[in-house]
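Turn this into a model:
(one chain, ligands or ions: 1)
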Amino acid sequence: MSDADAGADAQGRSRPEVTDTPLRVEGMSKHFGGITAVDGATFEVERGTLTGLIGPNGAGKSTTFNLITGMLTPDAGTVSFEGEDITGLEPYEIADRGLVRTFQIARELQEMTVLENMMLAPKGQRGERLWRSVLPVARRDVVDQETELLDRVWEILEFFEIEHLAEEYAGNLSGGQRKLLEMARALLTDPDVLLLDEPFAGVNPTLERRLLDHIHELRDRGYTFLLVEHDMDLIMENCRHVVVMHQGRILTEGTPEKVKADEEVIEAYLGGDV
Ligand SMILES: Nc1ncnc2c1ncn2[C@@H]1O[C@H](COP(=O)(O)OP(=O)(O)OP(=O)(O)O)[C@@H](O)[C@H]1O
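Residues are numbered from 1 along each chain as shown. Below you'll find the model as predicted:
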C-alpha cells in the first residue's frame, strides 16, 4: 500500500495515520524479578525495509520481540504501530492491525496437510486489502469468498514454491519447508509488517537462500520485515538497517557498515571478529 492510500479502506472505514516508520519502540523496559531483560530500548522500523535485530545470547532480543507482539507487556515505554499506541494490546489485536509474527506449526497441525494448514490459518480481518497480489483487481472482486481464499492460498503456496506439497502432512516437511509454510500462513493474515524470530534456525543453506529470496521479493512488494537473528553475517548481508542489542540496551543502530565498525559491537561479540 502506498502512503497515498492511507486514511480509508475499500469500505470507507477510517484507518490510523500511516507513517514511513510503521513501528516505533520507545523507552521500552522489561524486568523478570531482578533481571533487566530489556532496558529502555528505543528504535524504529522503516517501511519497506528489512531491519535486523541482533545481539549476543541473552541480549534481550526475544523479550523485545515478545513485547512488540503483545506476548509480554512492558514495565515501561511504548510500542506504536502506524501512529497508534499498541502497548499492552492482546496479540490478536496487534495482529489484526497488520503487525504479524510467524508461529511454529503446532503439533495438531502437523497431522494435517499443507493445504489444510493454510485453510485453517487466521485470516486478515481488515477488509479488502488482501495479499499484495499480482492478480488483476477484477479477479480479486470475486464474490465467492471461499473461492477467493482458495485462490489466494494457491497463489501464496506457488509464490513459496511449495504448491507440490499441498497434500503432504505438515509433520513430514523438512525444517526449511516448514519455515516456508509458517511464513505462507502469516501472509494470509494480510500483514504490513512481519516479525520473524530466528527464521533460518535449522534451515539448510539452499532453503535459507530461497527463504531469503522470498523475503527480499516480498520487501520489493512493499512488505516490511523485522528479523531477530543470531547470525550476524546473515543480517549484515541482507538488512539495510541493523539494530544491535546488548544486555537489554540498544548498543547502536545503522547501516551494516556503520554497525560492523562500531567498537562496542565488536566488544559485545566477545571482542572477536564481526
Ligand atoms: N521469562 C523469563 N524469566 C526470567 N528471565 C528471563 C525470561 N525471559 C528472558 N529472561 C532473561 O532475560 C534476558 C534476556 O533474554 P532474551 O531471551 O530476551 O535474550 P535473547 O537476546 O533473545 O537471547 P538468545 O539469543 O540467547 O535467545 C536473559 O538474561 C534471560 O535469561
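
just the strands in this structure please.
23-32, 35-45, 50-54, 76-81, 84-85, 99-101, 193-197, 224-229, 241-246, 249-254 (DSSP state E).

Can you lay out the ones you listed as a markdown table showing mean pLDDT, mean neighbour count and distance to Glu264?
The C-beta positions use only the backbone N, C-alpha and C, and glycine is treated the same way. Formatted as a markdown table, these follow (pLDDT from 0 to 100; neighbours: other Cβ atoms under 10 Å; distance: least, Cβ to Cβ, whole Å):
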| stretch | mean pLDDT | mean neighbour count | distance to Glu264 |
| --- | --- | --- | --- |
| strand 23-32 | 97 | 18 | 20 |
| strand 35-45 | 97 | 19 | 15 |
| strand 50-54 | 95 | 26 | 13 |
| strand 76-81 | 97 | 18 | 22 |
| strand 84-85 | 96 | 12 | 31 |
| strand 99-101 | 93 | 26 | 29 |
| strand 193-197 | 94 | 22 | 24 |
| strand 224-229 | 94 | 23 | 19 |
| strand 241-246 | 94 | 25 | 8 |
| strand 249-254 | 94 | 18 | 5 |
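
Take the ones you listed and write them to CSV, including distance to the ligand.
Listed next are the strands of the chain as CSV, based on distance: least, Cβ to the nearest ligand atom, whole Å:
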stretch, distance to the ligand
strand 23-32, 3
strand 35-45, 3
strand 50-54, 9
strand 76-81, 15
strand 84-85, 23
strand 99-101, 14
strand 193-197, 8
strand 224-229, 7
strand 241-246, 6
strand 249-254, 11
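
export those to JSON lines and tack on distance to Gly176?
Formatted as JSON lines, the strands of the chain follow (distance: least, Cβ to Cβ, whole Å):
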{"stretch": "strand 23-32", "distance to Gly176": "27"}
{"stretch": "strand 35-45", "distance to Gly176": "25"}
{"stretch": "strand 50-54", "distance to Gly176": "19"}
{"stretch": "strand 76-81", "distance to Gly176": "30"}
{"stretch": "strand 84-85", "distance to Gly176": "35"}
{"stretch": "strand 99-101", "distance to Gly176": "19"}
{"stretch": "strand 193-197", "distance to Gly176": "14"}
{"stretch": "strand 224-229", "distance to Gly176": "16"}
{"stretch": "strand 241-246", "distance to Gly176": "24"}
{"stretch": "strand 249-254", "distance to Gly176": "29"}
